[in-house]
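> Okay, structure incoming, though there's no sequence with it:
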């Protein structure tokens, strides 16, 4: 079909026409009551549009009939929150009725006019169309018969596009609603990023411990050591499954808070896991860890977990020094381990991956700071977080 006529194949063309017909049904009923006051329905739309819920109903109709198939049409489906929204709704109702009149008139009379022209071309006198009823029948009317249908096509498509544009302008989100939607979208993105980090930290740590333990057990060839390694893998995997279940619970229930996430009060579990993987952990925990605010304690746990995972992944079973201190200034966390081989070699760059970038980003979001990198022959992760 030629491009100008492709709208004939789109369902939206006909649902938009239906949308324009609906308000005229009310006008038709009123005209049966009193034909001398056709302006009364338009007057009644003013108090109707001031009702907050009307905007929601009009938005739902507009989405279904004017923009069918669009994933996120720019049309609000919320009640009016301000007087500006109510006035926009009133203007929309009046415009919808104003555009509905030519839509109904055109879809009724233009096809009749085309039919009468064809009839006149075959010798029948026109009786239902003013002006034409005075002209004698003639074959040349057949040439004019398609014109009303073309006019009908242009009227239906043009009014449909116009009413859709008006709906986006008058029923579209207000600036406050756009800001709220943007904030909600931002929160969703932040939540997805945080969940991705949760999975990276927890599952990454568990897999690293399992790989290190399995490799050590195979190399040792000692049944007793193998039993200890399997027990460590089992404990670490069970803890990772618990973390995974918590994260999946958040995905399943969007409004459910991420409760029971591990905190620094459970740091011993991480340290034992690292020791079971072969690392020689020298840990010192001081200060009231349980008094830390929830976000600081939870993020501190993940930072410690990622630091130990980094050591096991890139350095293996090496001595690790862990210092966690809670002071009046906040939380101080430090993890140090010897760099493998040359401190300036490729092993240095292997540490600085997405996990350590996540540590720095976590610290910045909490108003703290994190330093990661080589320091006097060691690799260090040093984190300072405020307590409030």
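Sure, I can see it. Computed from a predicted model, the values in this text were never measured in an experiment.
> looking at this, residue 340 is in a helix?
No - according to DSSP: H, G, I helix; E, B strand; the rest coil, residue 340 belongs to no helix; its state is coil.
> Could you verify my assumption that it touches residue 313?
No - using C-beta atoms under 8 Å, residue 340 is not in contact with residue 313, being 11.2 Å away. For glycine as for every other residue, the C-beta is placed from the backbone atoms N, C-alpha and C.
> if I look at the residue of the chain positioned farthest from its centre, how far off is residue 144?
Centroid-distance maximum for the chain: residue 136 at 65.8 Å, with C-alpha atoms, centre = their mean. Taking C-beta to C-beta, to the nearest Å as the measure, residue 136 falls 15 Å from residue 144.
> Kindly report the same for residue 239.
Residue 239 is 83 Å from residue 144, by C-beta to C-beta.
> between the two, which one's more packed in?
For residue 239 versus residue 144, neighbours defined as other C-beta atoms under 10 Å are more numerous around residue 239 (19 against 15).
> so the more buried one makes contact with residue 270?
No - between residue 239 and residue 270 there is no contact under C-beta under 8 Å: 9.1 Å.
> hang on, isn't residue 299 packed against residue 361?
No - the pair residue 299 / residue 361 is not scored as a contact, 10.3 Å apart, by C-beta under 8 Å.
> okay, the two: which has more neighbours?
residue 299 (26 against 14).
> Help me confirm that that one is found in a helix?
Yes - according to three-state DSSP, residue 299 belongs to a helix.
> so how many other residues sit close to residue 333?
Neighbours around residue 333, by other C-beta under 10 Å: 26.
> and it, what helix or strand is that in?
In this assignment (DSSP states H and E), residue 333 forms part of strand 330-338.
> could you measure the nearest residue to residue 173 once chain neighbours are set aside against residue 64, distance?
Excluding the flanking residues, the one nearest residue 173 by C-beta to C-beta, 6 or more residues apart in numbering is residue 76, at 4.8 Å. In this view, residue 76 and residue 64 are 14 Å apart by C-beta to C-beta.
> Equivalent analysis for residue 195, please.
To residue 64, residue 195 is 33 Å away according to C-beta to C-beta.
> what does residue 221 give?
Distance, residue 221 to residue 64, by C-beta to C-beta: 70 Å.
> the more surrounded of the two?
Using other C-beta under 10 Å as the criterion, residue 221 and residue 64 rank with residue 64 on top: 13 against 8.
> For that one, give me its contacts.
With contact taken as C-beta atoms under 8 Å, 6 or more residues apart in numbering, residue 64 is in contact with residue 15.
> Burial check on the closest residue to residue 16 other than its chain neighbours, number of neighbours?
Sequence neighbours aside, residue 160 is the residue nearest to residue 16 in space, at 3.4 Å (criterion: C-beta to C-beta, 6+ apart). Neighbour count of residue 160, defined by other C-beta under 10 Å: 25.
> Does residue 160 lie in a helix or a strand, and which?
Going by DSSP H and E, residue 160 is part of helix 146-170.
> on contacts alone, who are the packing partners of that helix?
helix 11-33, helix 83-121 (3 or more C-beta pairs under 8 Å, 6 or more residues apart in numbering; DSSP states H and E).
> Tell me the spacing between residue 278 and residue 225.
Counting by C-beta to C-beta - residue 278 and residue 225 are separated by 10 Å.
> The two: which has the busier surroundings?
Between residue 278 and residue 225, residue 278 has the larger neighbour count (other C-beta under 10 Å), namely 17 against 14.
> Contacts only, for the more buried one.
With C-beta under 8 Å, 6+ apart, residue 278 has these contacts: 212, 213, 216, 316, 317.
> Return a selection command, for use in PyMOL, containing the buried ones of those.
Selection of buried members from those for PyMOL, criterion 16 or more other C-beta atoms under 10 Å:
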select buried, resi 212+213+216
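> In the contacts of residue 278, find the pair that's most separated.
213 and 316 (11.7 Å; C-beta to C-beta).
> circling back: need the overlap of contacts for residue 278 and residue 225.
residue 216.
> Correct me if wrong: the residue nearest to residue 16 contacts residue 18.
No - taking contacts as C-beta under 8 Å, residue 160 lies outside contact range of residue 18: 10.0 Å.
> and for the two, which residues touch both?
Common neighbours of residue 160 and residue 18, counting by C-beta under 8 Å, 6+ apart, are absent.
> still on that earlier bit, could you say which of the helices and strands packed on helix 146-170 is packed most deeply?
A comparison of those by mean neighbour count, using mean count of other C-beta atoms under 10 Å, puts helix 83-121 on top with a mean of 17.
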